[in-house]
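J.: Any chance you can model this:
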Amino acid sequence: MSKKCILCAPMNGVLIPIERVPDPAFAQKMIGDGFSIDPVEGLLRAPCNGTVTHIHDSMHAVTIRTSQDLEVLLHIGIDTVELKGAGFHVEVKEGQEVKTGDSLI
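T.: This next block holds a predicted model:
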C-alpha cells in the first residue's frame, strides 16, 4: 500500500522542470526527483507538514521529513553555498515541527 503526500508550492513563482535547472546535480536528478521555481518573492514556506531534520550550514537549504517518511529537500538558488549564509534568515530549527505554509527561510 502506497502512502500519499501532497506538496504545496513552497513559494510564488514560475514552475520550471527540474531538468532545465543549470546545475547537473539537480537537472540529472542525482539528489532525487523535483521541480524548480523561479521566485517572485523572497520567502520559502513549508510545502507539507513534517519535522525539520536538517538546515544546511550556509542556510540556503532545509530538509523536512513527513509522517509518510518522505524527505523533502528545499534548496534556494544555484551556487548559494558560496554565500556562506549571507542574505538568508532561517526561521526554524532542526527538530521543529512545521505545518504547510509555515515560513522556513
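
J.: Low-confidence stretches in this protein?
T.: 1-2 (pLDDT under 70).

J.: Distance check, the closest residue to V98 other than its chain neighbours against K84.
T.: Nearest residue to V98 in three dimensions, chain neighbours excluded: A46, at 4.3 Å (Cβ to Cβ, 6 or more residues apart in numbering). Any C-beta I mention is one placed from the backbone N, CA and C, and that applies to glycine too. As for A46, its distance to K84 is 24 Å (criterion: Cβ to Cβ, to the nearest Å).

J.: So these two - more neighbours on which side?
T.: A46 (23 against 12; other Cβ atoms under 10 Å).

J.: Number of residues surrounding L15?
T.: Other residues close to L15 by other Cβ under 10 Å number 9.

J.: you'd agree it is in a strand?
T.: Yes - assessed by DSSP: H, G, I helix; E, B strand; the rest coil, L15 belongs to a strand.

J.: what bridges to it?
T.: Beta bridges link L15 to I37, judged by DSSP bridges.

J.: now the helices: where do they sit in the protein?
T.: 24-27 (DSSP state H).

J.: Just list the residues touching the residue nearest the centre of it, thanks.
T.: The centroid of the chain falls nearest to L74 when counting by Cα atoms, centre = their mean (1.0 Å). L74 makes contact with P10, L44, P47, A61, V62, T63, I64, L104, I105, according to Cβ atoms under 8 Å, 6 or more residues apart in numbering.

J.: give me that answer again for 6 Å
T.: Contact analysis of L74 by Cβ atoms under 6 Å, 6 or more residues apart in numbering lists P10, L44, V62.

J.: Let me see the backbone angles for the first one.
T.: Backbone geometry at P10, expressed as degrees, to the nearest 10, gives phi -80, psi -10.

J.: Let me see the ranges of the strands in the chain.
T.: Assigned strands in the chain, in chain order: 13-17, 35-39, 50-55, 61-65, 71-75, 97-98 (criterion: DSSP state E).
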